[in-house]
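A.B. asks: Dropping a prediction and its sequence here:
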2 protein chains.
Amino acid sequence: MTTQPAPQPTTTDPLRDSRFLRACRREPVDATPVWLMRQAGRYMAEYRSLRSKVSFLELCKNPELATETTIFAAEVLGVDAAILFADILLILEPLGFQLEFSKGEGPVIHNPIRETADVDAVRPLEDVEALGYVYEAIRQIRAGLPGNVPLIGFAGAPFTLACYAIEGGGSRNYQKAKAFMYSDPGAWDALMAALTDSTARYLNAQAAAGVQALQVFDSWVGSLSPDDYRRFVQPHMRRLFQMLDPAVPHIHFGADTGSLLELQRDAGGDVVGLDWRVELDQAWDRLGRGVGVQGNLDPIVLFAPVDEIARQTRRILGQAANRPGHIFNLGHGILPHTPVDHVRALVRMVHEFSAR
Amino acid sequence: MTTQPAPQPTTTDPLRDSRFLRACRREPVDATPVWLMRQAGRYMAEYRSLRSKVSFLELCKNPELATETTIFAAEVLGVDAAILFADILLILEPLGFQLEFSKGEGPVIHNPIRETADVDAVRPLEDVEALGYVYEAIRQIRAGLPGNVPLIGFAGAPFTLACYAIEGGGSRNYQKAKAFMYSDPGAWDALMAALTDSTARYLNAQAAAGVQALQVFDSWVGSLSPDDYRRFVQPHMRRLFQMLDPAVPHIHFGADTGSLLELQRDAGGDVVGLDWRVELDQAWDRLGRGVGVQGNLDPIVLFAPVDEIARQTRRILGQAANRPGHIFNLGHGILPHTPVDHVRALVRMVHEFSAR
């Protein structure tokens, strides 16, 4: 008579074992995970229809609508992760900035920073519940998403937020922000420190509310020289990543940062975002084996015929060469007017071409 | 009685021996040459005063005024080279495009390329005299400049011109141009070929009229991935540089091209432009000893206090490390509102800090 070994309990956790989170940990996957920055947005008819009834800020601040928008996009596209519907500038309101999204012009900050005294008036985020609508949306999204689809939370990085706060909105050259940085480095550091503390608290509250990963968007940092990044940004980014909840992976995103990648990696993050201006294989070689990468299709390729999209998708997957730790994405957000069927085709092709 | 050796005729040519042209040939210099893109422009009160009387296109097409503007800026700043006052889009008029510079909005092309048939209608520049006012300005500037100050002629590169021709003006993402390129590569190549032929003829006519160097401005090419540059741009750039008059040095300028530098070098040019996003020493190491470099101060540093400008100037000169072939410049054109005294201080500091 033989004794059977006691059966091992199968402790699989469908979230933890999802392609996206496995890739964040640089573990092998059955196919490359893919999601797309701004995957819920104006290029979708359903989104435009919703936005004809509510303003952008109303949508962000309504957990039910933010939940519906987030889940709808993830389901329609068949992507491997959902991303919270929100905006990187929401945090500026509890810091004392008057934020408005005006039609056509994008975000406007009515009381931008103009001088040192304005920095003193910035209130670091003490009560994270000022952004309670975000955590409520996270709880509802998490409850509504399939159990194997991770949810990504996010925030703007201090430099990018500082640019908005000083420029008073979008900018082509970040002339005011850089001039402020060069002219008053003490006030600059105070502003960056306040934004760093606030952002860390905000992101950790998102993690506590139920997201599975945190992405930091340093969307405008590619406008800096490497020397300026090292002096004016890197210490703050290092401190930010040190403060983030280590229980969830951290994605460090920047655009146009081909010359900053090593400096960004040294500042922190489990995964580094790459845009299309770099070759993924060369960039990953520079970054080394200690981090994953996310990217890096040019969003405008989605306006090309499907065979060109296929060609570029194969090229990027070939550069990643089945090395664990690649998350497929665009190099920046989806643009308005992008054909939805091309986005869906891209997601299908990433899975099909990379299936092991 | 001793016989005196016959005196050697001193065949010094003050233009050929100028710092700028010596640096273009990677010969040693007594101090690093410096000039600044858009050194004659809106940041100067004299320029704004002139522009209050004549439109931008009138100024470009009036050889006397273009001459006055060109020479005045070079003299006031004390730079080592003058650059023809003109615009990269002038060539589009004889190619059949209706060009306007509207107040505030920048250049507008009223009949942009929308489909393949529009490319067939583009007339390559047969009669270079359609731009005769440019060559007349060159002759007058050359006659008016000191005999040791070289004059730089220039044109837009085919990709940058194609972007304007397809977008119908400036653009943030070059979405229409790239979509056209991906969707109809045959028409794209035909357009690029016509622009390449036209640009080569135009630049060679500038050389014949008396400029000492030719700069090709590929201002927008940094929006492309390396793979797209290789497929859609590099063959045309290679052909362009092969056609240019070899009697004068060629400067290959691009902005935001940190990942394209080797590909640009391989396309052609004696000197490669660098913007501030790259470290000059690392970029020059990648390019190798066969080319000079031009750059690479962030134009926004000119809004900083003079001690910060000094710091960054020393850093860049230190990275060039007295290696022959560095021409100091900004990474892109001078911005409006730049303090003129800061620009003059920069020129003085480049000379002072680099004096051998």
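C.D. replies: That came through, no problem.
A.B. asks: Is it correct that A:L36 is in contact with A:G78?
C.D. replies: No. At 11.1 Å, A:L36 does not count as touching A:G78 under the criterion of CB atoms under 8 Å. Every C-beta, even on glycine, is put in place using the N, C-alpha and C of the backbone.
A.B. asks: By proximity to chain B, which residue of the stretch 151-300 of chain A wins?
C.D. replies: Ranked by CB to the nearest CB, the top residue of the stretch 151-300 of chain A for proximity to chain B is A:Y182, at 3.4 Å.
A.B. asks: Which single residue in the stretch 201-350 of chain A comes nearest to chain B?
C.D. replies: Nearest residue of the stretch 201-350 of chain A to chain B: A:A304, at 3.4 Å (CB to the nearest CB).
A.B. asks: what's the neighbour count on the residue lying closest to that residue once chain neighbours are set aside?
C.D. replies: Taking CB to CB, 6 or more residues apart in numbering or on different chains as the measure, A:A304 lies nearest to B:Y182, with 3.4 Å between them; neighbours along the chain are not counted. Residues contacting B:Y182 under the criterion other CB atoms under 10 Å in any protein chain shown number 24.
A.B. asks: same deal with A:V128?
C.D. replies: By the measure other CB under 10 Å, the count of residues near A:V128 is 20.
A.B. asks: next one: A:K103
C.D. replies: As a burial measure, the neighbour count of A:K103 was computed by other CB under 10 Å and equals 7.
A.B. asks: Repeat that for the one 3 residues further on.
C.D. replies: Taking other CB under 10 Å as the neighbour definition, A:G106 ends up with a count of 12.
A.B. asks: who touches it in this structure?
C.D. replies: The contact partners of A:G106, by CB atoms under 8 Å, 6 or more residues apart in numbering or on different chains, come to A:169-170.
A.B. asks: which residues does it bridge with?
C.D. replies: A:S102 (DSSP bridges).
A.B. asks: Do you know the pLDDT at it?
C.D. replies: The confidence metric pLDDT takes the value 89 at A:G106.
A.B. asks: Same question for A:R172.
C.D. replies: The model reports A:R172 with a pLDDT of 88.
A.B. asks: again, but for the one 5 residues further on
C.D. replies: With respect to pLDDT, A:A177 scores 97.
A.B. asks: before we move on, what about the one 10 residues further on?
C.D. replies: pLDDT for A:A187: 97.
A.B. asks: Could you list the buried residues of the top helix by length along chain A?
C.D. replies: For chain A, the longest helix by residue count, based on DSSP state H, is helix A:185-209. Counting neighbours by 16 or more other CB atoms under 10 Å in any protein chain shown, one finds that the buried residues in helix A:185-209 are A:187-189, A:191-207, A:209.
A.B. asks: close to chain B, is that helix?
C.D. replies: No. Counting by CB under 8 Å from any CB of the partner chain, chain B is not contacted by helix A:185-209; separation bottoms out at 8.9 Å.
A.B. asks: Give the partner strands of the next helix or strand after that helix in its sheet and their orientations.
C.D. replies: Going down the chain from helix A:185-209, the next helix or strand is strand A:213-218, by DSSP states H and E. For strand A:213-218, the paired strands and their directions (DSSP bridges) read strand A:151-156 (parallel), strand A:250-254 (parallel).
A.B. asks: Save those as a markdown table, and put in mean pLDDT too.
C.D. replies: Formatted as a markdown table, the strands paired with strand A:213-218 follow (pLDDT from 0 to 100):
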| stretch | mean pLDDT |
| --- | --- |
| strand A:151-156 | 98 |
| strand A:250-254 | 98 |
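A.B. asks: Export the ones you listed to CSV and append columns for distance to B:L244 and mean neighbour count.
C.D. replies: Putting the strands paired with strand A:213-218 into CSV (distance: least, CB to CB, whole Å; neighbours: other CB atoms under 10 Å in any protein chain shown) gives the following:
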stretch, distance to B:L244, mean neighbour count
strand A:151-156, 45, 24
strand A:250-254, 37, 25
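A.B. asks: near chain B, which residues of the stretch 101-250 of chain A?
C.D. replies: Residues of the stretch 101-250 of chain A lying near chain B by CB under 8 Å from any CB: A:173-175, A:178-179, A:182-183, A:222-228.
A.B. asks: ok, for A:A355, nearest residue in space, not its chain neighbours?
C.D. replies: On the basis of CB to CB, 6+ apart, the spatially nearest residue to A:A355 that is not a chain neighbour turns out to be A:A31, at 4.7 Å.
A.B. asks: so that neighbour sits in a strand?
C.D. replies: No. With the criterion set as DSSP: H, G, I helix; E, B strand; the rest coil, the secondary structure at A:A31 is coil rather than a strand.
A.B. asks: still on that earlier bit, can you redo the strands paired with strand A:213-218 as TSV with distance to B:D256?
C.D. replies: Output for the strands paired with strand A:213-218, formatted as TSV (distance: least, CB to CB, whole Å):
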stretch	distance to B:D256
strand A:151-156	22
strand A:250-254	14
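A.B. asks: circling back to that earlier point, may I ask which of the residues of the stretch 101-250 of chain A next to chain B has the most neighbours?
C.D. replies: A:L224 (28 neighbours).
A.B. asks: OK, contacts around it?
C.D. replies: With contacts defined as CB under 8 Å, 6+ apart, A:L224 is in contact with A:159, A:178, A:232-233, A:260, B:277.
A.B. asks: if we go to 10 Å?
C.D. replies: The contact partners of A:L224, taken as CB atoms under 10 Å, 6 or more residues apart in numbering or on different chains, are A:159, A:174, A:178, A:181, A:218, A:230-233, A:254, A:256-257, A:259-260, A:263, B:276-277, B:298, B:300.
A.B. asks: wait, doesn't A:D118 sit right on A:A162?
C.D. replies: No. Counting by CB atoms under 10 Å, A:D118 sits too far from A:A162 to count as a contact (11.8 Å).
A.B. asks: Comparing the two, which residue is more hemmed in?
C.D. replies: Neighbours were tallied for A:D118 and for A:A162 using other CB under 10 Å; the higher tally belongs to A:A162 (27 against 17).
A.B. asks: which residue sits closest to A:R22, ignoring its sequence neighbours?
C.D. replies: Leaving aside its sequence neighbours, A:R22 sits nearest to A:V29 (CB to CB, 6+ apart; 5.1 Å).
A.B. asks: distance between the ends of stretch A:213-224?
C.D. replies: Start to finish, the residues bounding stretch A:213-224 are 27 Å apart (CA to CA, to the nearest Å).
A.B. asks: so how far is that stretch from its chain's centroid?
C.D. replies: 8 Å (CA atoms, centre = their mean, to the nearest Å).
A.B. asks: same thing with stretch A:347-356?
C.D. replies: Relative to the centre of its chain, stretch A:347-356 is centred 22 Å away, using CA atoms, centre = their mean.
A.B. asks: still on that earlier bit, need phi/psi at the residue of the stretch 151-300 of chain A closest to chain B.
C.D. replies: Its backbone dihedrals place A:Y182 at phi -70, psi -30, with angles given as degrees, to the nearest 10.
A.B. asks: Please report how far the residue of the stretch 201-350 of chain A closest to chain B lies from A:L297.
C.D. replies: Remark: distance between A:A304 and A:L297 (CB to CB, to the nearest Å) = 10 Å.
A.B. asks: Endpoint to endpoint, stretch A:84-98 covers what distance?
C.D. replies: Between the start and the finish of stretch A:84-98 there is a gap of 23 Å, counting by CA to CA.
A.B. asks: what ranges do the strands span in chain A?
C.D. replies: A:82-83, A:99-102, A:106-109, A:151-156, A:213-218, A:250-254, A:271-273, A:292-297, A:326-330 (DSSP state E).
A.B. asks: that older thread, will you turn the residues of the stretch 101-250 of chain A next to chain B into a markdown table that also has distance to B:K53?
C.D. replies: Below are these laid out as a markdown table (distance: CB to CB, whole Å):
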| residue | distance to B:K53 |
| --- | --- |
| A:N173 | 28 |
| A:Y174 | 33 |
| A:Q175 | 28 |
| A:K178 | 33 |
| A:A179 | 31 |
| A:Y182 | 35 |
| A:S183 | 35 |
| A:G222 | 40 |
| A:S223 | 35 |
| A:L224 | 39 |
| A:S225 | 38 |
| A:P226 | 44 |
| A:D227 | 42 |
| A:D228 | 39 |
